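Asker: what would the 3D arrangement of this be:
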Amino acid sequence: MEEVVRIENLSFCYPDGQPALTNVNLTIHRGETVALIGPNGAGKSTLLLHLNGILRSNGLVEVFGRPIDDDNLKEVRRKIGLVFQNPDDQLFSPTVFDDVAFGLINLGYSEAEVRQSVASTLDWVGMTGHEQRSPHHLSFGEKKRIAIATVLSMNPEILVIDEPSSNLDPRSKWALIGLLKRLPMTKIVASHDLELVQALCQRAIILDQGRVIAEGVTEHILADIPLLRAHGLAPTEVA
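Answerer: Okay, the predicted model is just below:
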């Protein structure tokens, strides 16, 4: 299988000196849906921000065989679509249409191409008919879908999504899982929602205190209760 992301010996410290990632090594292949699981503060979001160059540090981060640098940063960001945990960090325009169209307009698409792409993308995420609504008047689940649409409109080859089920009720969560299952591109999902991970991801990587602890077939990782418990992903035993 083709490698689409390769990370070698990646370490990162926050400005106060607190380490967030330590010697992270992992590979993602085309067509995979891979989960990054771990407790809050494990480094999951920090790792995701390295995948499209928002954060950069020592270590190697390659996308489609090319290291992320100033020369190819724009190309990388077209290939990797990042959906933030909080959709309000991604939605800033007066209408849903404007938010989904924003990236396309900046890439120089014609008006007809923009309208066609916005229409097809909103249909894809089940939000047709919401074009003129204010994103800030939508439910949280609807905002999540529009945030995903803003990324999908750019036709990325890799979708990176941070805590997709956070703050969603069960119905909205399962609707989102169904949507993500239908998307054909490579997906990297950071979450501590093991139900979502089991339903969506073929492979799981445990990250804790900035280190890769274990990785493997999701079914096997989630069946190892002592491993999950040791890294804050399963209830502790009651004496």
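Asker: which residues does stretch 118-133 contact?
Answerer: Under the criterion C-beta atoms under 8 Å, 6 or more residues apart in numbering, residues 95-97, 100-101, 104, 138, 142, 145-146, 148-149, 152-153, 175, 179, 183 lie in contact with stretch 118-133. To be clear about C-beta, it is placed using only N, CA and C from the backbone, and glycine gets the same treatment.
Asker: which members of the residues you listed are classed as buried?
Answerer: Buried residues within the contacts of stretch 118-133, counting neighbours by 16 or more other C-beta atoms under 10 Å: 96-97, 100-101, 104, 138, 142, 145-146, 148-149, 152-153, 175, 179, 183.
Asker: now, the most widely separated pair of those residues?
Answerer: The span of those, defined through C-beta to C-beta, is set by Leu104 and Ala175 at 25.4 Å.
Asker: which secondary element of this protein has the worst mean pLDDT?
Answerer: Scoring the helices and strands of the chain by mean pLDDT, DSSP states H and E places helix 73-79 at the bottom, with a mean of 88.
Asker: what residues of that one count as buried?
Answerer: In terms of neighbour count (16+ other C-beta under 10 Å), helix 73-79 has its buried residues at Val76, Arg77, Lys79.
Asker: one more: stretch 98-107?
Answerer: Asp98, Asp99, Val100, Ala101, Phe102, Gly103, Leu104.
Asker: show me the helices in this structure, by range?
Answerer: Along the chain, the stretches classed as helices by DSSP state H are 44-50, 73-79, 96-106, 111-124, 140-152, 170-182, 194-200, 218-223, 225-230.
Asker: ok, back up a step: between the buried ones among the contacts of stretch 118-133, which sits nearest Asp193?
Answerer: Of the buried ones among the contacts of stretch 118-133, the one sitting nearest to Asp193 (C-beta to C-beta) turns out to be Ala175, at 14.3 Å.
Asker: the residue positioned nearest the centre of the chain and Ser110: what is the separation?
Answerer: Nearest to the geometric centre of the chain sits Ile161, at 1.6 Å (C-alpha atoms, centre = their mean). Look at Ile161 and Ser110: by C-beta to C-beta, to the nearest Å, they are 29 Å apart.
Asker: partner residues bridging the residue nearest to the centre of the chain?
Answerer: Per DSSP bridges, the residues bridged to Ile161 are Val83, Val189.
Asker: can you pull the pLDDT of it?
Answerer: Looking at Ile161, its pLDDT is 96.
Asker: contacts only, for it.
Answerer: Leu82, Val83, Ile148, Leu180, Lys187, Ile188, Val189, Ala190.
Asker: got it, and Arg203?
Answerer: Glu32, Thr33, Val34, Ala35, Glu215, Gly216, Val217, Thr218.
Asker: could you do Pro39 as well?
Answerer: Shown in contact with Pro39 (C-beta under 8 Å, 6+ apart): His192, Asp208, His231, Gly232, Leu233.
Asker: so can I have TSV of the helices of the chain showing distance to Asp16?
Answerer: Shown next, in TSV, are the helices of the chain (distance: least, C-beta to C-beta, whole Å):
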stretch	distance to Asp16
helix 44-50	14
helix 73-79	26
helix 96-106	33
helix 111-124	40
helix 140-152	29
helix 170-182	35
helix 194-200	31
helix 218-223	32
helix 225-230	27
